[in-house]
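Student: Model the structure of this input:
(one chain, ligands or ions: 1)
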Amino acid sequence: MTEQVLVVGGGVIGCAIARELAPEYDVTVLEKDGIGHGASGRAAGLVTIATAYAGHDRIVDHALESFHAFDGNYGFRFHDAESLEFPSERGPLQQQVEEHREQGVAAEYVPAEDATAQYPMLNVPEGGYLRFDRTGWVVPSEFTEAVRRSATDRGAAFETGVEVTDLAVNGRTVTAVETDVDTREPDRVVLAGGWQSPALVDGLVDLPVRPYWTQCVELGADVDLSDVPMGWLPDPDVYWRPTRSGTLLLGGGSAFPDDPAHAPTDEAAAFRNRIVDLFPHVVDDTSGAHYVQGWAGVDGATPDTYPIIDVPPEGPENLIVATGFHGRGIMSAFTAGAAVRGLLTGESPVPTAPFRLDRFDSRSTDFEFISVSA
Ligand SMILES: Cc1cc2nc3c(=O)[nH]c(=O)nc-3n(C[C@H](O)[C@H](O)[C@H](O)COP(=O)(O)OP(=O)(O)OC[C@H]3O[C@@H](n4cnc5c(N)ncnc54)[C@H](O)[C@@H]3O)c2cc1C
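Tutor: This next block holds a predicted model:
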């Protein structure tokens, strides 16, 4: 009989796992709210996988191949776009090129005179910039919905408005999944509940995942900015990407919220003002600059910025955890799907070792936040 897999959480991670498993397993996704209504619907959509997983070539290659292969399906588009890094106090950019190359990342130093010719719309700093290829962006809500539709076509079932309230465990096995409406008895459970995952396994498994809050602001100008590349201002720690409508989406400004469940869904006024002030540092012609919209969301951070995708060694043997995507869940969705399938079948196109829970000496959630805006 086909094994029944119950996925908790209908964010991009739960959807991607369901899509990957659906051909071989009987998959049901339970989502307490709506599909993609958590962090996945609030992300900026940068796919800077080449730098995020520097040194993990198979992860980078698999992710980019997957995005390109999925482009054009279910209304989804993957936008290839170069990504720039502006100068900062991290040291000379020329020196950083070598450091990136040692990690297998193809970075190139572009002096200001060449840079201005390439991107006349940019306010290129005197020190030039670093240029990375193998990067791009997606519209996160469009991507999540496309992955859900693809998973559905492959046979996965999605139920929204159903909250998983408890896991019943006997020995080393999850025997039942309690929801606010009924009880399920799947063969396996995949916990993909975003930053809320640790609470559901409290007492079973300690996860070093801490909710953090982060923000985006979209600004427009009289000029069309859709040809502006993606980029990062390291010192103020602000990233940006173009949009299809010719505006610029800028993000950053992270904090650990006291009450993540009730954290503001709008960006802070101080952050918005900071972005408006920074805008002329990115775009040369800011005539008619105007605020379009802004928002904020909560994601799960880990101490080393990599997610946890594992069967926790001390937990039930039929429980897989996929959480702590630390600002990279959109770009890591195909990776997560492949890694979970690998844990179930023993065959994975990506290494699963970087995602093991036992890489952490401590399970404490009292750790400093590492920004991953690069
Ligand atoms: C402002 C912002 C900008 C970002 N920018 C980027 C970016 O540019 N690139 C990138 O790759 N990533 C980015 N991220 C990060 C990315 O959004 C997340 O890493 C990713 O969405 C995590 O997906 P997830 O499925 O794990 O979590 P979520 O999308 O939060 O989904 C988890 C789901 O589980 C559900 N759930 C939780 N508990 C239960 C339960 N008990 N029962 C049933 N359902 C449950 C929740 O309702 C939720 O829908 C950004 C995030 C934010 C907030």
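
Student: Every contact and neighbour count from this point should use C-alpha atoms.
Tutor: Fine.

Student: Can you pull the residues of the stretch 101-250 of the chain lying near the ligand?
Tutor: 162-165, 192-194, 196-197, 214-216 (C-alpha under 6 Å from any ligand atom).

Student: May I see the ChimeraX selection of the buried members of those?
Tutor: Provided next is the ChimeraX selection string for whichever of those are buried by 16 or more other C-alpha atoms under 10 Å:
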select :162,163,164,192,193,194,196,197,214,215,216
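
Student: Can you list which of the residues of the stretch 101-250 of the chain next to the ligand are found in helices?
Tutor: Members of those lying in helices (criterion: DSSP state H): residue 197.

Student: For the residues of the stretch 101-250 of the chain next to the ligand, which two are the farthest from each other?
Tutor: 165 and 216 (31.4 Å; C-alpha to C-alpha).

Student: quick revisit: format the residues of the stretch 101-250 of the chain next to the ligand as a markdown table; extra columns: pLDDT.
Tutor: As requested, these are arranged in a markdown table below (pLDDT from 0 to 100):
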| residue | pLDDT |
| --- | --- |
| 162 | 98 |
| 163 | 98 |
| 164 | 98 |
| 165 | 98 |
| 192 | 99 |
| 193 | 98 |
| 194 | 98 |
| 196 | 98 |
| 197 | 98 |
| 214 | 97 |
| 215 | 97 |
| 216 | 98 |
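
Student: wait, which of the residues of the stretch 101-250 of the chain next to the ligand is closest to residue 114?
Tutor: residue 216 (30.0 Å).

Student: Please, which helix or strand holds the closest residue to the closest one other than its chain neighbours?
Tutor: Excluding the flanking residues, the one nearest residue 216 by C-alpha to C-alpha, 6 or more residues apart in numbering is residue 251, at 4.2 Å. Assigned by DSSP states H and E, residue 251 belongs to strand 248-255.

Student: tally of neighbours for residue 75?
Tutor: Residues near residue 75, counting by other C-alpha atoms under 10 Å, number 11.

Student: Could you do residue 345 as well?
Tutor: Residue 345, neighbours per other C-alpha under 10 Å, totals 9.

Student: Next, give phi and psi for it.
Tutor: Residue 345 adopts backbone torsions of phi -100, psi -20, taken as degrees, to the nearest 10.

Student: Return the distance of it relative to residue 99.
Tutor: Computed as C-alpha to C-alpha, to the nearest Å, the residue 345 to residue 99 distance reads 36 Å.

Student: cool, and residue 207?
Tutor: 32 Å.

Student: Look at the two and report which has more neighbours.
Tutor: Comparing residue 207 with residue 99 by other C-alpha under 10 Å, the one with more neighbours is residue 207, at 23 against 13.

Student: what residues are up against that one?
Tutor: The contact partners of residue 207, taken as C-alpha atoms under 8 Å, 6 or more residues apart in numbering, are 198, 357, 363-365.

Student: same thing but at 10 Å, please
Tutor: For residue 207, the contact set (C-alpha atoms under 10 Å, 6 or more residues apart in numbering) comprises 197-199, 201, 302, 308, 312, 321, 323-324, 357, 360, 362-365.

Student: now the helices: where do they sit in this structure?
Tutor: So, for the chain - with DSSP H - the helices run 12-21, 49-52, 57-70, 93-102, 112-118, 140-153, 197-200, 269-282, 333-345.

Student: per-stretch mean pLDDT over those, give me the minimum one.
Tutor: In terms of average pLDDT, helix 112-118 trails the rest of the helices of the chain, at a mean of 88.

Student: coming back round to it: give me the buried positions along the strand holding residue 251.
Tutor: 248-254.

Student: Now pLDDT too, for the residues you listed, in CSV please.
Tutor: Output for the buried residues of strand 248-255, formatted as CSV (pLDDT from 0 to 100):
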residue, pLDDT
248, 97
249, 98
250, 98
251, 97
252, 95
253, 93
254, 94
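
Student: Pull the most distant pair out of those residues.
Tutor: 248 and 254 (19.1 Å).

Student: got the residue ranges for the strands in the stretch 151-300 of the chain?
Tutor: 157-160, 164-170, 173-179, 183-184, 188-191, 210-220, 230-233, 238-242, 248-255, 290-301 (DSSP state E, counting those that start in this stretch).

Student: And for the third one, what's in contact with it?
Tutor: Same thing as strand 173-179. The contact list for strand 173-179, computed with C-alpha under 10 Å, 6+ apart, reads 6, 8, 30, 32, 162-170, 183-189, 315-319.

Student: Can you report how many residues neighbour residue 126?
Tutor: 12.

Student: Tell me which of the helices of the chain sits most buried.
Tutor: helix 12-21 (a mean of 29; mean count of other C-alpha atoms under 10 Å).

Student: ok, and does it reach over to the ligand?
Tutor: Yes - contact of helix 12-21 with the ligand (C-alpha under 6 Å from any ligand atom) involves 12-14.

Student: re earlier: quick one: strands adjacent to the strand holding residue 251?
Tutor: strand 210-220 (antiparallel), strand 238-242 (antiparallel) (DSSP bridges).
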